[in-house]
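Student: Okay, here's the prediction I keep looking at, along with the sequence it came from:
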Protein chains: 2
Amino acid sequence: MAGGNPLSYRPTPRTTPTRYRDRARYDRQTVHRILDEALICHLGYLNAGDPVVLPTTHARLGETLYLHGSTGGGPMLAARSAPDGLPVCVTATLVDGLVLARAAMHHSVNFRSVVVRGDARVVDDPAEKRRALAALLDHVRPGRAADCRAPDPRELAATGVLALDLAEVSAKARSGGPADDPEDTALPHWAGVVPLSLTAGAPLPADDLDPAIPLPAYLR
Amino acid sequence: MAGGNPLSYRPTPRTTPTRYRDRARYDRQTVHRILDEALICHLGYLNAGDPVVLPTTHARLGETLYLHGSTGGGPMLAARSAPDGLPVCVTATLVDGLVLARAAMHHSVNFRSVVVRGDARVVDDPAEKRRALAALLDHVRPGRAADCRAPDPRELAATGVLALDLAEVSAKARSGGPADDPEDTALPHWAGVVPLSLTAGAPLPADDLDPAIPLPAYLR
């Protein structure tokens, strides 16, 4: 809709949750942060009429989300046979904590997630494809794309890239402690939050790495 | 097929990957371990003909995977209107590390994932529902189901539970260091693995928790 809020995605029936509407977010900053922080996403598409969900990495450039995969893989084959775009749902989820309440039914997970609906298109333009693949590397660790051997034409041809416009998008988040009913707070059960985070350990050099090559700054 | 290997799931065309077949696993022990370790999964189903992917928690009891959600939520409404079962794909993914190769195209992620295809049924039997909800709590932290207030009839009625037989199942895993082409190993780029794991921080008691209630053993 022309004249919409440029800072937010416009909710649609498909991006309006049926429950916990107060947990839904549509502002671009929140959505971008979740997509950028999440290392992987889960791609949903249809194969022979049935839903398939596969984990994959992603990268955001502005208002476009890029995914990649082998040209012989399921999603790429499906996208190639969908000239008007492949209907997909891409969901990225960050788990921030376990929420333990006194009542079984109030247990929860602190999380931040983004759901993107839309029709993914195959990227054929070589320049856009190279930009997307570089973004996928920099998504993992910013600076890595410039510090490795770029794909050669054969590798580029074997790799498919999908682009999905960030248009029909919503985020959802829960944070904070348990929300027990008042009559339950005196029960003798521990309640609170166990924080969770995806943590990086010390980098392990490849067996055949020249010991003279130092650990790059973006991995420290 | 009668006479199949009782230790493994039988591959079907839908659970045979088109690529990296050497990464596919069908043995029950591997599948069970991944499902049991993964805190959340991503549930894919169809809504008005389009794929939807939502994060949710899960629990395995033997060869059945249970999911739960509000009776008013999208998946439960879809399952209620699918008397023969709701076609779903449930995918659980553990991220174990970043794999940095000298060549852009050999970058990868060390991971373990399970994909379950099938038709999910709504659990109406109250005893099975209670068992499933207890398993969902114990999946988060074993022992928690016995250490909280069990759901009352009103809460039980507001919660939907889906059951999915573990029949059409595959796991996929990548581990180890980068697999660069021999001609790339002398390039001056750092190569190796950055281990990743979902790490629990110190539990944070609820603001209104009685300080006399100690941290339970299953959270230490």
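Tutor: Cool, the structure landed.

Student: Can you get me a residue count around residue A:189?
Tutor: Residues lying near residue A:189 (other CB atoms under 10 Å in any protein chain shown) number 19. (Each C-beta comes from the backbone N, C-alpha and C, glycine too.)

Student: show me the contacts for residue A:59.
Tutor: Counting by CB atoms under 8 Å, 6 or more residues apart in numbering or on different chains, residue A:59 makes contact with A:65, A:66, A:132, A:135, A:136, A:138, A:139.

Student: mind checking which helix or strand it is in?
Tutor: In this assignment (DSSP states H and E), residue A:59 forms part of strand A:50-61.

Student: buried ones in that strand?
Tutor: A:50, A:51, A:52, A:53, A:54, A:55, A:56, A:57, A:58, A:59, A:60, A:61 (16 or more other CB atoms under 10 Å in any protein chain shown).

Student: quick one on the thing from earlier: in strands, which of the contacts of residue A:59 fall?
Tutor: A:65, A:66 (DSSP state E).

Student: Turn the buried residues of strand A:50-61 into a markdown table, including pLDDT.
Tutor: Output for the buried residues of strand A:50-61, formatted as a markdown table (pLDDT from 0 to 100):
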| residue | pLDDT |
| --- | --- |
| A:50 | 96 |
| A:51 | 98 |
| A:52 | 98 |
| A:53 | 98 |
| A:54 | 97 |
| A:55 | 97 |
| A:56 | 97 |
| A:57 | 97 |
| A:58 | 98 |
| A:59 | 98 |
| A:60 | 98 |
| A:61 | 98 |
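
Student: Excluding sequence neighbours, find me the nearest residue to the residue lying farthest from the centre of chain A.
Tutor: Using CA atoms, centre = their mean, the residue of chain A lying farthest from its centre is residue A:186. It sits 39.5 Å away. Of all residues not flanking residue A:186 in the chain, residue B:210 sits nearest, at 7.6 Å (CB to CB, 6 or more residues apart in numbering or on different chains).

Student: do you know how far the one you found is from residue B:217?
Tutor: According to CB to CB, to the nearest Å, residue B:210 stands 18 Å off from residue B:217.

Student: Tell me which of those two has more neighbours.
Tutor: The neighbour comparison of residue B:210 against residue B:217 (other CB under 10 Å) goes to residue B:210, with 14 against 8.

Student: Wasn't that one part of a strand?
Tutor: No. If the criterion is DSSP: H, G, I helix; E, B strand; the rest coil, then residue B:210 is coil and not within a strand.

Student: residue contacts, the nearest residue to residue A:218 once chain neighbours are set aside?
Tutor: Closest residue in space to residue A:218, ignoring its immediate chain neighbours: residue A:143 at 4.0 Å, by CB to CB, 6+ apart. Residue A:143 is in contact with A:216, A:217, A:218, counting by CB under 8 Å, 6+ apart.

Student: Please identify which of those is nearest to chain B.
Tutor: residue A:216 (5.2 Å; CB to the nearest CB).

Student: quick one: the residue lying closest to that closest one once chain neighbours are set aside and residue B:116, what's the gap?
Tutor: The shortest distance from residue A:216 to any non-neighbouring residue, by CB to CB, 6+ apart, is to residue B:190 (5.2 Å). Separation of residue B:190 from residue B:116 (CB to CB): 37 Å.

Student: distance of the most centrally placed residue in chain A from residue A:191?
Tutor: With distances taken as CA atoms, centre = their mean, residue A:92 lies nearest the centre of chain A, 3.2 Å away. Counting by CB to CB, the gap from residue A:92 to residue A:191 is 29 Å.

Student: rewinding a little: residues in contact with the residue nearest to the centre of chain A?
Tutor: Contacts of residue A:92 (CB under 8 Å, 6+ apart): A:34, A:35, A:38, A:40, A:41, A:42, A:58, A:113, A:114.

Student: hang on, the earlier thing: and the residue farthest from the centre of chain A, that one's in a helix?
Tutor: No. In this structure, residue A:186 is coil, not part of a helix, as judged by three-state DSSP.

Student: if we can go back for a sec, need the CA coordinates for the strand holding residue A:59. PDB is fine.
Tutor: Extracted C-alpha coordinates of strand A:50-61, given in PDB (Å, rounded to 0.1, in the frame of the first residue of the first chain):
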ATOM      1  CA  ASP A  50       3.600 -31.900   0.400                       C
ATOM      2  CA  PRO A  51       5.500 -29.600   2.700                       C
ATOM      3  CA  VAL A  52       9.300 -30.000   3.000                       C
ATOM      4  CA  VAL A  53      11.400 -28.100   5.600                       C
ATOM      5  CA  LEU A  54      15.200 -28.000   5.200                       C
ATOM      6  CA  PRO A  55      17.800 -26.100   7.200                       C
ATOM      7  CA  THR A  56      20.000 -23.800   5.200                       C
ATOM      8  CA  THR A  57      22.100 -20.600   5.600                       C
ATOM      9  CA  HIS A  58      20.900 -17.300   4.500                       C
ATOM     10  CA  ALA A  59      22.000 -13.700   4.000                       C
ATOM     11  CA  ARG A  60      20.100 -10.400   3.900                       C
ATOM     12  CA  LEU A  61      21.100  -7.600   1.500                       C
END
